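> Model the structure of this input:
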Amino acid sequence: MDERIRGRRRSVTRRHGRRRGLFVGLAVLVIAAVALFLWLRSSDVFAVKRITATATARVSLQEISEATSQALGVSLLRLSTGAIEDALLALPYVRSVEVYRSFPNTLEVTLVEYEPVARLQAGNGDIWLVTADGRALEGAQPSEGAGLPLVIPASPVSLVAGEQVPKLIVDALPVVGLLESEGIVGRLPGVEQIRVSAAGGVVLTLEGGAELRLGDATQLEQKLKVAAGRIESYLRDGKQVEYVDVSVPDHAAVKAK
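Here you go, the predicted structure:
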């Protein structure tokens with residue numbers, strides 16, 4: 001056989017051998033890595049020993065501890081952060097949460113809390129704090145949230161912490177934010193009460209006793225601006241207003257005292 005042919009065959013054989021060796025080596029490394037991961041996952045090397053959380057105003061350390069207690073002693077490699085986040089989101093004041101693994105043995109919790117925007121009178125007479133999107137937070141102490149407007153529904157409501165209030169009330173709550181919006185803030189007297197009828201009609205009781213009748217919870221911004229303009233006009237003339245009806249904003253009605 002020609003020597004050149006033998007040389008080429010030997011070269012091809014060596015290349016194939018090197019490739020086989022490389023594949024075998026990679027397979028061994030993968031198997032070793034998987035075995036190491038499985039061992040670490042089942043061992044207590046990365047077991048959670050400490051849980052830290054951002055400072056909160058309403059969510060207590062005890063609530064956070066109870067919601068995350070199932071993570072203690074569990075390996076960070078085996079831990080489901082999603083399940084812990086769901087447990088924390090079930091707390092009434094938790095708006096959003098992120099849970100991070102911090103090796104070797106720490107779980108870090110970052111919380112964002114809800115802020116109450118109004119008080120709501122429940123059917124039994126208790127006063128609750130509620131959010132802008134209608135989440136019931138907790139029963140309020142007499143002095144708690146005193147600066148927030150009080151929402152009084154015509155139909156009795158039962159409230160559960162962390163759950164939504166009835167839709168008619170949710171629909172009316174945007175008026176609270178609009179009262180502080182550009183073009184409206186400072187133009188109306190303070191709001192003491194927000195009454196919501198069984199049909200969804202919204203009536204604001206202003207400081208001094210005047211009523212602002214908004215009708216259904218639509219076109220709220222336009223209605224508030226029209227009402228603010230009418231009230232400002234009457235006050236400039238030295239007149240007191242008994243009510244302003246802007247149920248139909250293009251045909252506002254005003255009654256002076």
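> List the residues that contact the residue nearest the centre of the chain.
The centroid of the chain falls nearest to Arg95 when counting by C-alpha atoms, centre = their mean (2.7 Å). Shown in contact with Arg95 (C-beta atoms under 8 Å, 6 or more residues apart in numbering): 112-114. For the C-beta atoms, the positions are set from N, CA and C on the backbone; glycine is no exception.
> ok, and the most crowded of the residues you listed?
The member of the contacts of Arg95 surrounded by the most neighbours (other C-beta atoms under 10 Å) is Tyr114, with 21 neighbours in all.
> Give the rounded mean pLDDT of stretch 133-141.
For stretch 133-141, mean pLDDT is 94.
> residues of it that come out buried?
Across stretch 133-141, burial judged by 16 or more other C-beta atoms under 10 Å covers 134-138, 140.
> could those go into JSON lines alongside secondary structure?
Compiled in JSON lines, the buried residues of stretch 133-141 are given as follows (DSSP: H, G, I helix; E, B strand; the rest coil):
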{"residue": "Gly134", "secondary structure": "coil"}
{"residue": "Arg135", "secondary structure": "strand"}
{"residue": "Ala136", "secondary structure": "strand"}
{"residue": "Leu137", "secondary structure": "strand"}
{"residue": "Glu138", "secondary structure": "strand"}
{"residue": "Ala140", "secondary structure": "coil"}
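> Looking at these, spot the one nearest Val196.
Gly134 (11.8 Å; C-beta to C-beta).
> Thought Gly162 was touching the closest one, still the case?
No. The criterion here is C-beta atoms under 8 Å, and Gly134 misses it with Gly162 at 11.7 Å.
> Contacts only, for Val191.
With C-beta under 8 Å, 6+ apart as the criterion, the residues that contact Val191 are 149, 179, 204-207.
> Show the buried residues in those.
With neighbours counted by 16+ other C-beta under 10 Å, those contain buried members at 149, 179, 204-206.
> can you tell me which of those residues are in strands?
204-206 (DSSP state E).
> any chance of the residues you listed in a markdown table, with distance to Glu63 and pLDDT too?
Output for these, formatted as a markdown table (distance: C-beta to C-beta, whole Å; pLDDT from 0 to 100):
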| residue | distance to Glu63 | pLDDT |
| --- | --- | --- |
| Leu204 | 35 | 97 |
| Thr205 | 36 | 96 |
| Leu206 | 38 | 95 |
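> would you turn those into JSON lines with distance to Leu212?
Putting these into JSON lines (distance: C-beta to C-beta, whole Å) gives the following:
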{"residue": "Leu204", "distance to Leu212": "4"}
{"residue": "Thr205", "distance to Leu212": "8"}
{"residue": "Leu206", "distance to Leu212": "6"}
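> Looking at these, which one is closest to Gln70?
Checking those against Gln70 with C-beta to C-beta, the nearest one is Leu204 at 46.5 Å.
> just the helices in the stretch 1-150 of the chain please.
In chain order, the stretch 1-150 of the chain shows helices spanning 3-42, 61-68, 81-89, with DSSP state H, counting those that start in this stretch as the criterion.
> Select from those helices the stretch with the lowest mean pLDDT.
Minimum mean pLDDT among the helices of the stretch 1-150 of the chain: helix 3-42, a mean of 54.
> and Thr106, bridged to which residues?
Taking DSSP bridges, one obtains Arg50, Ser102 as the residues bridged to Thr106.
> Now do the same contact list for it.
Neighbouring residues of Thr106 by C-beta under 8 Å, 6+ apart: 48-52.
> How much space separates it from Val97?
Distance, Thr106 to Val97, by C-beta to C-beta, to the nearest Å: 16 Å.
> And Glu242, by the same measure?
48 Å.
> Which of these two has more residues huddled nearby?
Val97 (23 against 12).
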